[in-house]
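>>> quick one: sequence plus predicted model below, questions after.
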Amino acid sequence: MAKQGTSSTAMGTVAIRWHGSRLELLDQRLLPGEEHWMTLEGASGVAQSIRDMVVRGAPAIGISAAYGVALAARHAGGGDWKAEIKQAIRELAASRPTAVNLFWALQRMERVFHACHSLDEAVKRLASEAETIHREDVEANVAMADHALDLMNLEKPVSVLTHCNTGALATGGYGTALGVIRRMHEKKLLKEVFADETRPWLQGSRLTAWELARDQIPVTLNADGAAASILARKDVRWVIVGADRITANGDVVNKIGTYSLAVLARHHRVRFMVVAPSSTVDMSLASGAEVPLEERDGLEVREIRGIPLAPEGVNVFNPVFDVTPASMIDAIVTEKGVVHSPNITGMKALFG
Ligand SMILES: CSC[C@H]1O[C@H](OP(=O)(O)O)[C@H](O)[C@@H]1O
């Protein structure tokens with residue numbers, strides 16, 4: 001577990017700390033300037049934290065929601081405890097619409113909940129299931145880094161570009177795409193990593209650059225608009241990104257700007273890798289067109305921390321996810337293995 005008051009453990013940065021009767025979340029809205037931990041003791045507070053992006057990142061959202069259900073049991077009034085836990089699950093499910101990890105985690109918690117016959121049993125078993133979901137996510141990240149390095153089969157260091165934040169702040173620890181980049185650095189196979197700032201919420205400049213600096217991994221931050229020139233001039237070999245939902249045909253829903261990166265990568269013959277645990281795969285949806293794409297308040301584009309960047313009241317279109325067609329992706333790396341040139345056949349072979 002993380003040392004009290006810090007966001008570091010022997011394994012690296014953490015953003016989620018579980019204490020059995022309370023959950024602590026590193027408030028990612030305040031990074032990189034301030035490390036402030038929010039303490040939550042109920043599902044409503046966890047749902048609000050997900051909605052407000054105190055915690056964000058598909059796997060981290062699922063893990064936090066799982067702990068939210070465990071907190072609902074822990075602090076249930078004892079009267080109609082089942083109704084309280086059902087309400088908690090509903091609140092958490094309504095927090096954000098796109099990352100399937102949220103619903104995957106809640107379904108796992110719901111299965112355990114329905115098997116419980118007393119409140120005491122629910123408290124113990126729900127906490128255990130949430131802790132298992134957390135642990136399995138970190139294990140998956142480590143496994144994905146292994147699969148990705150095997151796929152890349154590098155004999156010398158190469159440069160890569162990444163988008164948004166897919167590190168320890170977005171997962172249970174280590175990271176998905178950023179976990180691959182960490183592993184490349186560990187094996188001295190990382191020449192340079194370019195990190196898109198990722199407007200409007202700036203997950204790249206505020207979170208990825210912060211994470212990599214803490215791990216002493218050299219990172220070059222770039223404006224999103226510079227990505228095309230980087231792929232044209234900097235001998236980048238791979239674009240490596242995460243995902244919030246991968247559908248049955250291999251379409252990938254991820255942070256806004258991912259689709260344009262895929263188009264650029266295809267034009268510049270740079271390979272495009274998506275790294276995500278199987279908890280991000282949604283085989284119930286045929287294609288990315290069916291995924292609800294969250295649109296957030298226009299204020300996130302018009303202002304930064306209260307500083308106006310546009311005329312007050314200007315109309316804003318602020319979708320925070322987009323769909324990258326499977327045909328533009330070279331490989332989807334999961335802990336279960338790699339889907340090359342993803343399509344429905346390859347996805348079914350790995351995910352049934
Ligand atoms: C491994 S994180 C996956 C995914 O989540 C991020 O979205 P957000 O910061 O809005 O939660 C981003 O799309 C990452 O690629």
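On my side now, so go ahead.
>>> ok, the residue lying closest to residue 30 once chain neighbours are set aside to the ligand distance?
Once flanking residues are discounted, residue 30 sits nearest to residue 36: 5.2 Å by CB to CB, 6 or more residues apart in numbering. For the C-beta atoms, the positions are set from N, CA and C on the backbone; glycine is no exception. For residue 36, the distance to the ligand (CB to the nearest ligand atom, to the nearest Å) stands at 18 Å.
>>> wait, residue 36 sits on residue 29?
No - Residue 36 lies out of contact with residue 29 (CB atoms under 8 Å); the separation is 9.0 Å.
>>> what about these two, which has more around it?
Shown here are residue 36 and residue 29; by other CB atoms under 10 Å, residue 29 has more neighbours (17 against 14).
>>> does the more buried one touch residue 51 like I think?
No - using CB under 8 Å, residue 29 is not in contact with residue 51, being 11.8 Å away.
>>> tell me the domain ranges of the protein?
Domain segmentation of the chain under automatic domain parsing yields 2-138, 145-351.
>>> redo those domains as CSV? Include mean pLDDT.
As requested, these are arranged in CSV below (pLDDT from 0 to 100):
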stretch, mean pLDDT
domain 2-138, 94
domain 145-351, 98
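>>> now residue 110, nearest residue through space, not along the chain?
Distance criterion CB to CB, 6+ apart; nearest residue to residue 110, sequence neighbours excluded, is residue 89 at 6.0 Å.
>>> give the contact list for that neighbour.
Shown in contact with residue 89 (CB atoms under 8 Å, 6 or more residues apart in numbering): 43, 69, 72, 106, 109-110, 113.
>>> helix/strand/coil for it?
Following DSSP: H, G, I helix; E, B strand; the rest coil, residue 89 is assigned to helix.
>>> quick one: it from the ligand, how far?
20 Å.
>>> and if you look at residue 137?
According to CB to the nearest ligand atom, residue 137 and the ligand sit 10 Å apart.
>>> that residue belongs to a helix?
Yes - per three-state DSSP, residue 137 lies within a helix segment.
>>> neighbours around it, how many?
Around residue 137 there are 25 residues (other CB under 10 Å).
>>> what sits against it?
Residue 137 neighbours (CB under 8 Å, 6+ apart): 59, 62-63, 171-173, 277, 279.
>>> which SS class is the residue lying closest to it once chain neighbours are set aside?
With sequence-adjacent residues excluded and distances taken as CB to CB, 6+ apart, residue 137 is closest to residue 172, at 3.6 Å. Put simply, residue 172 is coil when judged by three-state DSSP.
>>> can you pull up the bridge partners for residue 240?
Beta-bridge pairing for residue 240 (DSSP bridges): residue 162, residue 273.
>>> you'd agree it is up against residue 271?
No - counting by CB under 8 Å, residue 240 stays clear of residue 271, with 9.1 Å between them.
>>> which one's more surrounded, the two?
residue 240 (28 against 17).
>>> I'd like the distance between the more buried one and residue 318.
Going from residue 240 to residue 318 by CB to CB, to the nearest Å gives 25 Å.
>>> same thing with residue 103?
Per CB to CB, residue 103 is found 23 Å from residue 318.
>>> those two - which one has more neighbours?
residue 103 (20 against 16).
>>> not counting residues beside it along the chain, what's closest to the most centrally placed residue in the chain?
Geometric centre of the chain, nearest residue: residue 57, 2.8 Å, by CA atoms, centre = their mean. Among residues not flanking residue 57 along the chain, residue 170 sits closest, at 2.3 Å (CB to CB, 6+ apart).
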